[in-house]
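1. Pasting the sequence and the predicted coordinates here, then a few questions.
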Amino acid sequence: MKPEIWFNGEFVAHDEAQIHVLSHVIHYGSSVFEGIRCYDTEQGSAVFRLEEHMQRLIDSAKVYRMQMPYSLDELNQAVVDTIERSGLAECYIRPVTFRGEGPMGVNPLDNDVDTFIAVWEWGQYLGEEALEQGVDVEVASWNRMAPNTFPAMAKAGGNYLNASLVKMNAVKNGKMEGIMLNTEGYVAEGSGENLFVVKDGTLYTAPAGLSILPGITRDAIITIAEDRGYEVEEKKIPRESLYTADELFFTGTAAEITPIRSVDDYTIGEGTRGPVAKELQDAFFEIVREGKDPYDWLTFVDVSATEGAELTA
Ligand code: PPE
């Protein structure tokens, strides 16, 4: 049985979680969302940086003038409840807030604001071998949006039309992902991941002002790397420094820390996962797999208590 979905404060069966075709979001892409992972750690199931993700959902909703009827605490609890009810020890969590029924037309101010939370099992985002061997990517021909077109810091559904174009072209070209440049031509991020460049022992990543989504995994990796003595610089990265990097890797909830082994058919470093990516992966997986939590990033959930209830429901 597929996990129940939290929908506007109530649990509904997976197949009953439906919306009307005339919902604003269908016509105009008016949603904001999150992607979060719950890990089956050695200490029990735990959500990675739940609070930061739900705060970003609230912030994204605010940018689009969506009145969020739930507090941060209520949203956090709703995620915990959804996971516990699912009985899944490990899952991907997708909270979405969207403009629903109401008047037709672009103006969403009088449309409903609805929220749901779904969970499912989601394995390796960029392929099974990606974490160890790295992925082949290209520089995308579509740019990331200019700062005065769409708010890049809001994780909005509509932004992912651009991301889909990037991803489809990459796949058609036999690559796993596309790296977007900003409208000035500097490196921004992947269609669903942030990007780090390693050169001479220093880490570089695009600053928030360069039309990236300021990722929560990106922030975690900056923290972990600095604690291990690496210098991390947020600065404009010229395209060509991708080709000459010692290492490149993506970060994201779905992608975790995925090394990049080639860009536009230029081999990066040794053409496989490099030592810095390995070290940072190890530190990250120690938290989410072993359940060691020096930064207070884990929210433990009690999946076993509700497993029976789920099975008999
Ligand atoms: N940039 C973009 C454009 C992006 O979509 C994500 C997450 C990130 C950076 C990394 O952010 P964070 O997860 O907070 O570290 N992309 C989500 C959606 C992927 C999807 O295909 O859907 C994710 O990783 O969950």
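-> All right, it came through fine. It should be emphasised that the depicted structure is a prediction, and the values quoted were computed from it without experimental measurement.

2. how far away is whichever residue of the chain sits closest to the ligand from residue 195?
-> Using Cβ to the nearest ligand atom, the closest approach of the chain to the ligand is made by residue 35 at 2.3 Å. Every residue, glycine included, has its C-beta placed from N, CA and C. Distance, residue 35 to residue 195, by Cβ to Cβ, to the nearest Å: 17 Å.

3. Specify which residue of these two has the higher count of neighbours.
-> Using other Cβ atoms under 10 Å as the criterion, residue 35 and residue 195 rank with residue 195 on top: 26 against 17.

4. Surely the more buried one is within a strand?
-> Yes: per DSSP: H, G, I helix; E, B strand; the rest coil, residue 195 lies within a strand segment.

5. Just list whatever residues bridge to residue 199.
-> Counting by DSSP bridges, residue 199 is bridged to residue 202.

6. Can you tell me which residues in this protein are near the ligand?
-> Residues of the chain lying close to the ligand (Cβ under 6 Å from any ligand atom) are 35, 163, 189, 192-194, 213, 215-218, 251-255.

7. For the one residue sitting closest to the centre of the chain, which non-adjacent residue is spatially closest?
-> Residue closest to the average C-alpha location in the chain (Cα atoms, centre = their mean): residue 253, at 4.2 Å. Using Cβ to Cβ, 6 or more residues apart in numbering and skipping residues adjacent in sequence, the residue nearest residue 253 is residue 35, 4.6 Å away.

8. And for residue 185?
-> Nearest non-adjacent residue to residue 185, counting by Cβ to Cβ, 6+ apart: residue 239, 6.6 Å away.

9. right, and that neighbour touches residue 188 too?
-> No: contact criterion Cβ atoms under 8 Å: residue 239 and residue 188 do not qualify, at 10.6 Å.

10. what about those two, which has more around it?
-> More neighbours surround residue 188 than the other of residue 239 and residue 188, with 24 against 14 (other Cβ under 10 Å).

11. Contacts only, for that one.
-> 143, 144, 179, 180, 181, 182, 195, 206, 210, 211, 212 (Cβ atoms under 8 Å, 6 or more residues apart in numbering).

12. Could you find the closest non-adjacent residue to it?
-> Nearest to residue 188 is residue 144, by Cβ to Cβ, 6+ apart, at 4.1 Å.

13. Low-confidence ranges, this structure, go.
-> 306-313 (pLDDT under 70).

14. domain assignment for it?
-> 5-122, 130-288 (automatic domain parsing).

15. Quick one: closest of those to residue 303.
-> Counting by Cβ to Cβ, residue 303 lies closest to domain 5-122 out of those; the figure is 4.7 Å.

16. just how off-centre is that closest one within its chain?
-> In terms of Cα atoms, centre = their mean, to the nearest Å, the centre of domain 5-122 is found 14 Å from the chain centre.

17. that older thread, ok so the residue nearest to residue 188 is a strand residue?
-> No: counting by three-state DSSP, residue 144 falls outside a strand, being coil.

18. ok now do it, which residues does it touch?
-> Neighbour list for residue 144: 152, 162, 180, 181, 182, 183, 188, 189, 210, 211, 212 [criterion: Cβ under 8 Å, 6+ apart].

19. As CSV, those with secondary structure would be great.
-> Listed next are those as CSV, based on three-state DSSP:
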residue, secondary structure
152, coil
162, helix
180, strand
181, strand
182, coil
183, coil
188, strand
189, strand
210, helix
211, coil
212, coil
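
20. Most neighbours of all the residues you listed, which one?
-> Going by other Cβ under 10 Å, residue 189 tops the contacts of residue 144 with 28 neighbours.
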